[in-house]
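# give me coordinates for this.
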Amino acid sequence: MADIRLDPNFIDDFERANENPVQPPWELFDAPFIPMQLDNGVINGTSFNPSNSSQQYYGALPLTGDIIEAWGESFGNANTQDAYRLGLLDGSNSGYLCYMPNNPGDDEWIIRKYTNGTFSILAQGTPPQSAPSLGDLVLMQTDATSVYCYYSTDNGANWTLMVTGVDADYRTDMYITLGANGEAPGWEMAGGADETELSQIYRRPNE
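Residues are numbered from 1 along each chain as shown. Okay, the predicted model is just below:
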């Protein structure tokens, strides 16, 4: 299977000086989210408490169209009840988030639908589904009717569909979104595209 990403080029590889909190173009959603930090080439949460959610969006690259995507390369190994978060959300915190918890024996990937910061469960995968591990890729992708979350353990050569949700409410000015519950989960690379933004890299220069 070929790589299914619209564009495998990264927008940010986080290879620059540490930032706490992470700086623009990564922007912070309103409460209840808390800032993320950039630490030695990884963006991760700032709280050991897994009930605290860190979440940032990449404000320099709004994506619009039926087919849009966000992807990230995971870092770290989540502690019990920690979670990875990746999605496509607009500036009002509406859109979709793939929520990937580490709850041994009861893991399942979940697509959350957010409306002005309030979420509902759009779809749930079938347990057991493990949380990402070091170096794995996670991809959220939409088409005209649905939202999909995929997982790759071989740098995008093969992908496993983990969960699908049917919804078409949000496809305009969506932003690549990364997050974590707890401090252990992190991301060491991120990308995304729509059908008009292919092969354009928006990452900041290394500092």
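
# let me know the pLDDT of the residue sitting nearest the centre point of the chain.
Central residue of the chain (Cα atoms, centre = their mean): Leu86, 1.7 Å from the mean position. pLDDT recorded at Leu86 is 97.

# check the secondary structure at it for me.
Here Leu86 is recorded as strand under DSSP: H, G, I helix; E, B strand; the rest coil.

# ok, what's across the strand from it?
Counting by DSSP bridges, Leu86 is bridged to Cys98, Leu178.

# any idea how far it lies from Ala17?
24 Å (Cβ to Cβ, to the nearest Å). Where C-beta positions appear, they are placed from N, C-alpha and C, glycine not excepted.

# can you check Ile67 too?
35 Å.

# when those two are compared, which one has more neighbours?
Counting neighbours by other Cβ atoms under 10 Å for Ile67 and for Ala17 shows that Ile67 has the greater number, 14 against 8.

# ok, the more buried one touching Asp194?
Yes - Ile67 lies in contact with Asp194 (Cβ atoms under 8 Å); the separation is 6.7 Å.

# joint contacts of the two?
Leu6 (Cβ atoms under 8 Å, 6 or more residues apart in numbering).

# so what's Pro104 up against?
Pro104 touches Thr80, counting by Cβ under 8 Å, 6+ apart.

# can you report how many residues lie near Gly91?
14.

# any weak-confidence spans in this protein?
By pLDDT under 70, the weakly predicted segments of the chain are 1, 105-106, 197-207.

# Glu73 versus the residue nearest to the centre of the chain, what's the distance?
For Leu86, the distance to Glu73 - Cβ to Cβ - is 10 Å.

# what's the overlap in contacts for the two?
Trp187.

# where along this structure do the helices fall?
Along the chain, counting by DSSP state H, no stretch forms helices.

# and the strands in the protein, which stretches?
With DSSP state E as the definition, the chain shows strands at residue ranges 26-28, 37-39, 42-44, 53-58, 68-75, 83-89, 95-101, 110-115, 118-124, 137-142, 146-152, 160-166, 175-181, 186-194.

# ok, the fifth one: who's next to it in the sheet?
Strand 68-75 has its sheet partners listed here by DSSP bridges as strand 137-142 (antiparallel), strand 186-194 (antiparallel).

# that one to strand 146-152, inter-axis angle?
30 degrees (axes from the mean of the first three to the mean of the last three Cα atoms, to 10 degrees).

# relative to strand 95-101, how tilted is strand 68-75?
20 degrees.

# could you check how far Met189 is from Ile121?
28 Å.

# contacting residues around the residue lying closest to Thr145 once chain neighbours are set aside?
Residue nearest to Thr145 in three dimensions, not counting chain neighbours: Ala168, with 5.5 Å by Cβ to Cβ, 6 or more residues apart in numbering. Neighbouring residues of Ala168 by Cβ under 8 Å, 6+ apart: 144-146.

# closest to Ile34 among those?
Ser146 (30.9 Å; Cβ to Cβ).
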